[in-house]
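Chemist: Sequence unavailable; structure follows:
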Ligand code: 3AM
């Protein structure tokens, strides 16, 4: 049976995506880590793993029933997790709407049989990978802000040595 590697996430508005990659190029040394491709920048809400088409359909149906208003997301924090080797951007304070959405998707995923990590949800946009050595972190003097008006199901594929994330389906957040 064929499976796909899927997760729920939030993409970035194109202008902010471009601003972040321009800032990243100046903010970190080349050896700090491997930059995540611009098109792959996202904030993960719930990781589903390798799942069958039947399970994906089931989970998509549940996601389509979510009724939540849009919320504003500020990107004003950064950090380094040496063990997974990730340098990330995220909000200093998580908006309630973001936490609610992630918790709902995670509980739906768990009920559909997708293992969910017991670690608390820490919203982040992975910027650099393979960053396992100490990283000189830039000052947190940035502030990007945007309205999150939809969330998406993403597929992760690996070919020719590259990981690509593609949006499979999106659902609007409506007041
Ligand atoms: O880029 P981030 O870190 O937000 O870390 C993986 C990535 O998110 C995460 O899912 C996103 C797409 O691959 N991920 C991968 N394996 C995972 C796992 N076993 C995982 N998250 C939780 N558990």
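Modeler: Structure received. Given the structure is predicted, the values throughout are model-derived calculations rather than measurements. Numbers count the residues shown, from 1 in each chain.

Chemist: Around the ligand, which positions in the chain sit nearby?
Modeler: 7, 44, 47, 86, 117, 124, 126, 156 (CB under 6 Å from any ligand atom). C-betas here are computed from N, CA, C, even on glycine.

Chemist: Narrow the residues you listed to those that are buried.
Modeler: Buried subset of these (neighbour count, 16 or more other CB atoms under 10 Å): 7, 44, 47, 86, 124, 126, 156.

Chemist: re earlier: in a markdown table, list the residues of the chain next to the ligand along with secondary structure.
Modeler: Formatted as a markdown table, the residues of the chain next to the ligand follow (DSSP: H, G, I helix; E, B strand; the rest coil):
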| residue | secondary structure |
| --- | --- |
| 7 | strand |
| 44 | strand |
| 47 | strand |
| 86 | strand |
| 117 | coil |
| 124 | coil |
| 126 | strand |
| 156 | strand |
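
Chemist: Report the buried residues of the strand or helix carrying residue 8.
Modeler: Assigned by DSSP states H and E, residue 8 falls within strand 3-10. Judged by neighbour count using 16+ other CB under 10 Å, the buried positions of strand 3-10 are 4, 5, 6, 7, 8, 9, 10.

Chemist: What sits closest to the last one if chain neighbours are left out?
Modeler: Here the nearest residue to residue 10 in space, its sequence neighbours aside, is residue 43; by CB to CB, 6 or more residues apart in numbering that works out to 4.5 Å.

Chemist: List the contacts of the longest helix that the chain contains.
Modeler: For the chain, the helix with the greatest residue count under DSSP state H is helix 96-111. Helix 96-111 has contacts (CB atoms under 8 Å, 6 or more residues apart in numbering) with 8, 45-48, 59, 62-63, 66, 68-71, 73, 91, 116, 121, 123, 148, 151, 173.

Chemist: Going by neighbour count, which of those are buried?
Modeler: Burial by neighbour count, 16+ other CB under 10 Å: within the contacts of helix 96-111 this picks out 8, 45-48, 59, 62-63, 68, 71, 73, 91, 116, 121, 123, 148, 151, 173.

Chemist: Where helices are concerned, which of these count?
Modeler: Among these, the members falling in helices (DSSP H) are 59, 62, 63.
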